[in-house]
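Asker: how does the following fold in three dimensions:
(2 chains)
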Amino acid sequence: MSTATLPNDPLLRARFAELHPPLTAQAAVIEANRCLYCFDAPCTAACPTHIDVPGFIKRISTGNLRGSALRILDANILGGSCSRACPVEVLCEGACVMHRYNRDPIQIALLQRHAIDTFHASGEELPTSPITRNLRVACIGAGPASLACAAELRRQGASVTILERRPLPGGLNTYGVAEYKLRAADSLHEVELIRRMGVEFRFANSIDSASDLDNLESEFDFVFLGVGLGAMQRLGIPGEEVPGVMNALELIAAYKTGRIRQILGTVIVVGAGNTAIDAANAARRLGAETVYLLYRRSQSEMSAFDFEYEHAKQEGVQFLWRRQPVAIRTDDHGRLLLDTVQMQQVGEALLPIPDSDFTISCNMVVPAIGQSPLTELLQQFRHVETRDGRIVADPATGQTDNPRYFAGGDCVNGGREVVDAVADGKRCALSMLKAAEAVYA
Amino acid sequence: MPDISVTNFAGGISSPNPFWLASAPPTNCGEQIMRAFDAGWGGAVWKTIGEPVTNVSSRYSATDWNGQRIMGFNNIELISDRSVETNLREMAEVKKRYPRHAIIASLMVASTREAWHEIVARTEDAGADGLELNFGCPHGMSERGMGSAVGQVPEYAELITAWVKEKARTPVLVKLTPNITDIRTVARAAKRGGADGLSAINTINSITGIDLDTFIPRPNVDGKSSHGGYCGPAVKPIALNMVQQVMADATSALPLSGIGGIGTWRDAAEFILLGCGTVQVCTAAMHYGYRVVEDMIEGLENWMRSKGFSNIEDFRGLSLDRVTEWKHLNLNYKVVAHVDEQKCIGCDLCHIACWDGAHQCIHLDRVSGPVDGHVEEHLIPAALEARSRSAVAYTPVTRKERTVDIATHGPFPTPLARIPRVDETECVGCNLCSLVCPVDECITMVRVDAGLAPETWEERARGITCVVDPNQS
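Answerer: Numbers count the residues shown, from 1 in each chain, chains lettered A, B, ... in the order given. Predicted structure coming up:
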């Protein structure tokens, strides 16, 4: 779990300074004391992992910070990264009763971060348990879903192995979250604590064939599929192959791992989801003078959260609504030319407006129109039903139609948040434990 | 504007308003008291004068609550550490410059007739408008046979009061200690000794807390601490009760200067409603400075104006006859909790408080519209929480998911499922829910007609029910 491959780059630190700086100890206690300590709290219900929010906040107010962190981690082993990456405006903080009290909601994310950061800074390890069960589980992918599944299983005495094809664990937590929200190093530190609980990691370990799965089935009782989604979707327009076209997740991973340190000129991001916004903001912070975000529909239809849209405007991103890219060309000086048309809604259909062609000269085009499913990989998972490129799993248990296979995270839900993946992974772990007990009962 | 001046309190003390600084650090010297008068204070009880002491360092500690500093305050400081001469010289100067303001000399000397006669004569010569006998200081001085060592023994208190009265030409107030089983015993003694008035209460014996790293109680004096005197907002209810006890007892009652946790005009009004003629303030001035008196004066005036009171005497003691013994309370008076659905924010603190701390009659079982009281699901709190925590929740990532479904939300600002229902047939009217509710006027206690004539415990025990005109209740 070495962080040696990550850049310790002062420029990166400066350009991606934290969006929400941490609370000081005294500010945390003052904020904690604002919490009403609701019964059956709406914030807890809204959290996919059902963190006992009033419970951990109460512990902060009394100075029981270790208890607070353990209370969080008991429900959500990735409580640290969730406190940074969660869209709390639509989750816990959005559910806070203070909204109806005409007051600002409790700053749950910052309080959670305070508790977890203090725990990490103290050098404490997560409580661990000996192997007490004859249950071996393989988790494919080292992203949030697998990490949560593995941590829960280890806590309850099972043995777990995580298989990851990339050199670093953490999945999108490490490679895909905007650096001003969650630093790759913080993600890796969190994974390291899980490794020290006794979870085995096998890196550069790709599962690509039926025989790989056969081997897994002979070694493990259950397999958890936490493989996420595939590469980002292509725009499907001419010229997409030219240098200067780089999809949003590639861009984000590249700057987070130090492979891109600067972007100059004009950047056009295509798409209007949260990842598109992350990429557009990143381009601005990396030095791009002009960043356009192109969306074929209107502002009211964009899937990005409202607060992300507001943030992007503050970063200086310019939005071009109802505009569709149709081709990418290169001019004589090596600059990119993005041909676009204006779109209009005609009944149900979205149609180009005739003679609305407009070409934008730019240095970089960043497609950000969603990730494609791992269709080919999924076909290898025999007896596991897939639909629309997603694995079909029981929402309550995470079990697939093959009882030895469980699945969670983006490969099941099609792409939600870290906290959803953690909730899935935890549920699957509990279902596996139940299923294993049923076998031996 | 109403007139809030005080005239001839305890037979001779007048001040522009009833707000006096209590005998304490804010009245340590003449320079402070003059600034206090400039800020608006009507009077000051000079920091207790006597044989100068040597104080320790440190001296104060406090209890904070829920992020709020100084809910209660504690000190182990003794009486004045300045010479009698210095104090009296400054007192004469202040009186000359502020003839309309009340200057009361707090006194504490050795328990001999001569010592008291001498100090009384000297302070009155310096121009004091009145004397306050410090029979209350609970720490340090009591070990030397003064302060509460006197105030806890009625015979001593009566004797010394009588010595002082032999000599005094100005009104004599006796300051009562609360560190006694029944404060009235000393009040009666003071009255027998001839006191013209009383001051109550002095500070309450206290240890405010212990440092959990060093195990040393606060305040720390070189690794040790000592019990101190507790004051500030936390002690107000104790003080009000003692004030009521004294003022409701004919053998104790005298003109009373109320002390104990007074920090606002509201507190002051409450002490006056129980019969106090003036009030004394210390902790609030130590916390925020002399300027706190501005709002005390204006607030009291505005409140009196809104109530139609033209002077202090108009409302002094109005609440005294509203305090009675439990046995005289009407057993047939009934109130029940009512939740205002438009104001409820859905914290459900009332539910858990009622279940765990009261009578299990506030339920979370509303399913549609205002409920008529017949839904009886009665899930225990743990089951309700388990239901929420086992539910599958997810982040609403699409716009459609983020749109709240009005149909399941209900007609009120808070989802119906989170608005509690009061089972009025089981509600005992204890007030707990209305006390824990964070929203003003959301839970109100509504009177219900039990259809029974008023009856007190005393009447029931005697087997007598008297019929009272309900319009008079």
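Asker: so where's the stretch 301-441 of chain A shaky on pLDDT?
Answerer: Low-confidence segments of the stretch 301-441 of chain A (pLDDT under 70): A:440-441.
Asker: interface residues of it facing chain B?
Answerer: Contact residues, the stretch 301-441 of chain A versus chain B (Cβ under 8 Å from any Cβ of the partner chain): A:Glu301, A:Ser303, A:Pro395, A:Ala396, A:Asn413, A:Gly415, A:Arg416, A:Glu417, A:Val419, A:Asp420, A:Ala423, A:Arg427. (C-beta placed from N, C-alpha, C; glycine too.)
Asker: number of residues surrounding A:Ile391?
Answerer: Using other Cβ atoms under 10 Å in any protein chain shown, A:Ile391 has 25 other residues around it.
Asker: and what of B:Arg69?
Answerer: B:Arg69 - counted by other Cβ under 10 Å - has 10 other residues nearby.
Asker: for the residue lying closest to it once chain neighbours are set aside, give its distance to chain A.
Answerer: Nearest residue to B:Arg69 in three dimensions, chain neighbours excluded: B:Ala62, at 6.8 Å (Cβ to Cβ, 6 or more residues apart in numbering or on different chains). The spacing between B:Ala62 and chain A, counted by Cβ to the nearest Cβ, to the nearest Å, is 16 Å.
Asker: what's the answer for B:Trp41, then?
Answerer: For B:Trp41, the distance to chain A - Cβ to the nearest Cβ - is 32 Å.
Asker: for that residue, report the pLDDT, please.
Answerer: Listed pLDDT for B:Trp41 reads 98.
Asker: looks like it contacts B:Arg291 (just checking).
Answerer: No: contact between B:Trp41 and B:Arg291 fails when scored by Cβ atoms under 8 Å: they sit 10.4 Å apart.
Asker: more neighbours: which of the two?
Answerer: Legend: neighbour count by other Cβ under 10 Å for B:Trp41 and B:Arg291, higher for B:Trp41 (28 against 10).
Asker: partners of the helix or strand hosting A:Val137, with directions?
Answerer: For A:Val137, the host element (DSSP states H and E) is strand A:136-140. The sheet places strand A:136-140 alongside strand A:159-163 (parallel), strand A:222-225 (parallel), with pairing taken from DSSP bridges.
Asker: for the next helix or strand after that strand, C-alpha coordinates in PDB please.
Answerer: Proceeding N to C from strand A:136-140, the next assigned helix or strand is helix A:144-155, under DSSP H and E. Taking Å, rounded to 0.1, in the frame of the first residue of the first chain, the C-alpha atoms of helix A:144-155 are listed here in PDB:
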ATOM      1  CA  PRO A 144     -15.100   0.900  -1.700                       C
ATOM      2  CA  ALA A 145     -17.600  -1.900  -2.100                       C
ATOM      3  CA  SER A 146     -15.000  -4.600  -1.700                       C
ATOM      4  CA  LEU A 147     -13.200  -2.800   1.100                       C
ATOM      5  CA  ALA A 148     -16.400  -2.500   3.100                       C
ATOM      6  CA  CYS A 149     -17.300  -6.100   2.400                       C
ATOM      7  CA  ALA A 150     -13.800  -7.300   3.400                       C
ATOM      8  CA  ALA A 151     -13.700  -5.200   6.600                       C
ATOM      9  CA  GLU A 152     -17.000  -6.500   7.800                       C
ATOM     10  CA  LEU A 153     -16.100 -10.100   7.200                       C
ATOM     11  CA  ARG A 154     -12.800  -9.700   8.900                       C
ATOM     12  CA  ARG A 155     -14.400  -8.100  11.900                       C
END
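Asker: helix A:144-155 vs chain B: in contact?
Answerer: No: with Cβ under 8 Å from any Cβ as the criterion, chain B is not reached by helix A:144-155; the gap is at least 12.5 Å.
Asker: just want the angle from that helix to strand A:159-163.
Answerer: With axes from the mean of the first three to the mean of the last three Cα atoms, to 10 degrees applied, the angle from helix A:144-155 to strand A:159-163 works out at 160 degrees.
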